[in-house]
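Engineer: Sequence and predicted structure are below.
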Amino acid sequence: MIDSPLLLTAVIAATTALAFLLDHKVPWLSRVGASLLALALGAVLSNVGLVPPSSPVYSVIEGPVTSLAIAWLLLAVNLSDLKVAGPRMIGAFLLAVAGTALGALIGALLFHPTFLEDTWKLAGVFTGTYSGGSVNFVAVGRGVELPTSLFAGATASDALTTGIWLAITLMLPIWLHRFYPASIPGEGEEEGEEHAHPFFERIPLSTLDVANLLAAGFILVVASEWLGSLFPSVPAVLWLTTLALAVGHLTPFRKPRGALQLGNLALHFFFVLIGIHSRIAEILAVGVEVFYFTLVVIGVHGLAVFGLGRLLRMDVGSLAVASQAAVGGPSSALAVAVSREWKGLVLPGIIVGLLGYALGNYLGFGVAYLVRGWTGG
């Protein structure tokens with residue numbers, strides 16, 4: 001077993017790099033995605049006994065590193081980009097997050113006898129993650145103080161359900177296309193601007209850019225913790241969300257180069273760590289009910305997106321991409337748009353996926369506190 005903090009950090013960093021490499025180089029694993037690969041590789045390290053169950057390294061990743069990831073990813077969100085996404089994609093995305101919130105409320109009603117005082121926490125976490133992606137899962141989970149064992153079980157269930165839904169949204173447009181008369185923007189286009197995967201885009205980055213991002217990230221995290229101590233009724237991560245969104249719209253930090261890249265890298269360190277915490281015995285102890293909870297949320301989400309979307313005469317392509325932007329984030333939206341060759345939906349999908357980073361935290365905490373008030377949790 002690896003006991004050295006330095007060696008353990010090196011192993012986590014190497015595992016993160018391997019997850020990105022497999023996502024980039026192995027076509028069928030790219031369907032799984034670096035996030036799920038990082039979690040799976042971390043679980044392998046843990047369950048074969050190569051890494052310890054606890055370490056000061058884990059505390060650093062769970063605390064400052066993850067907070068910096070949230071700050072950097074939210075700095076990359078610019079609401080002015082919504083005009084590029086267009087009203088159709090924005091409408092489809094709002095329908096997707098509304099379906100997620102409704103699914104979480106129904107799931108909370110069904111599973112409250114099972115999870116009792118933790119029901120509101122799970123409802124908030126699943127609302128967050130299926131409104132913006134894994135960054136919101138992490139943020140809301142930390143904010144509501146989801147118990148460690150339940151966090152691991154919920155992460156594993158979320159990963160499995162996200163993978164299942166990605167496969168479904170890749171196939172549904174083929175099966176349902178004839179029931180949606182509206183044309184899909186950019187379907188079958190041969191020409192057009194190529195958009196790089198958010199994980200693998202090459203950008204010019206100077207030492208000054210990195211220094212500015214580090215300084216801004218640390219200042220935002222410290223400020224949010226300070227505000228959280230002054231106003232304990234508002235979780236520090238909500239202050240971090242609000243401050244990062246505000247700073248990201250100031251001229252010096254508008255579209256900051258490297259923010260998305262550093263944020264994704266730091267976040268995937270956390271995914272490896274969640275995998276390390278995902279010991280099979282603990283997940284089994286939590287039970288399959290957590291997985292069923294995620295299925296209810298996604299099931300209602302899917303009915304809202306593809307059912308109401310059909311009634312509103314929206315095209316199936318925009319609905320599929322918007323659904324993945326909510327459930328899996330920008331990279332999943334990109335995967336669906338590129339796989340189905342909908343070039344006109346690539347950039348709009350990425351933009352609403354980034355919007356989900358911003359909305360997911362607010363919506364997640366909102367649903368969590370609503371369920372807590374309703375159940376008395």
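Structural biologist: Done, it's in.

Engineer: May I ask which helix or strand encompasses Phe204?
Structural biologist: No Phe there; residue 204 is Pro. When elements are assigned from DSSP states H and E, Pro204 belongs to no helix and no strand.

Engineer: contacting residues around it?
Structural biologist: Contacts here follow CB atoms under 8 Å, 6 or more residues apart in numbering; on that basis Pro204 touches Arg257. (C-beta placed from N, C-alpha, C; glycine too.)

Engineer: Below-threshold pLDDT in the chain: ranges please.
Structural biologist: 31-32, 81, 84, 181-198, 278-287, 335, 338-339, 341, 376-377 (pLDDT under 70).

Engineer: Spatially central residue for the chain, please.
Structural biologist: Nearest to the geometric centre of the chain sits Gly133, at 1.8 Å (CA atoms, centre = their mean).

Engineer: and it, how far is that from Ala167?
Structural biologist: Distance of Gly133 to Ala167, given as CB to CB, to the nearest Å: 17 Å.

Engineer: Then Leu22?
Structural biologist: Relative to Ala167, and taking CB to CB, Leu22 is found at 18 Å.

Engineer: neighbour-wise, which of those two wins?
Structural biologist: Neighbour tally, Leu22 and Ala167, criterion other CB atoms under 10 Å: the higher count belongs to Leu22, 19 against 11.

Engineer: so who does the closest residue in space to that one that isn't next to it in sequence touch?
Structural biologist: Nearest residue to Leu22, sequence neighbours excluded (CB to CB, 6 or more residues apart in numbering): Leu29, at 4.8 Å. For Leu29, the contact set (CB under 8 Å, 6+ apart) comprises 22-23, 37.

Engineer: before we move on, the earlier item: you'd agree the residue nearest to the centre of the chain is up against Gly356?
Structural biologist: Yes: counting by CB atoms under 8 Å, Gly133 touches Gly356, with 6.2 Å between them.

Engineer: between these two, what contacts are shared?
Structural biologist: 326, 329.

Engineer: Give the buried residues for stretch 266-281.
Structural biologist: Buried residues in stretch 266-281, counting neighbours by 16 or more other CB atoms under 10 Å, are found at 266-279.

Engineer: What of stretch 255-265?
Structural biologist: Applying 16+ other CB under 10 Å to stretch 255-265 flags 256, 258-265 as buried.

Engineer: Repeat that for stretch 144-162.
Structural biologist: In stretch 144-162, counting by 16+ other CB under 10 Å, buried: 144, 146, 149-159, 161-162.

Engineer: and Ala368, what element?
Structural biologist: helix 346-375.

Engineer: can you give me how far that helix is from the chain middle?
Structural biologist: 10 Å (CA atoms, centre = their mean, to the nearest Å).

Engineer: Kindly report the same for stretch 241-252.
Structural biologist: On CA atoms, centre = their mean, the centre of stretch 241-252 falls 20 Å from that of its chain.

Engineer: what's that stretch in contact with?
Structural biologist: By CB under 8 Å, 6+ apart, the surrounding residues in contact with stretch 241-252 are 70-71, 74-80, 139, 212, 216, 220, 223-224, 227, 253-254, 256, 259, 358, 361-362.
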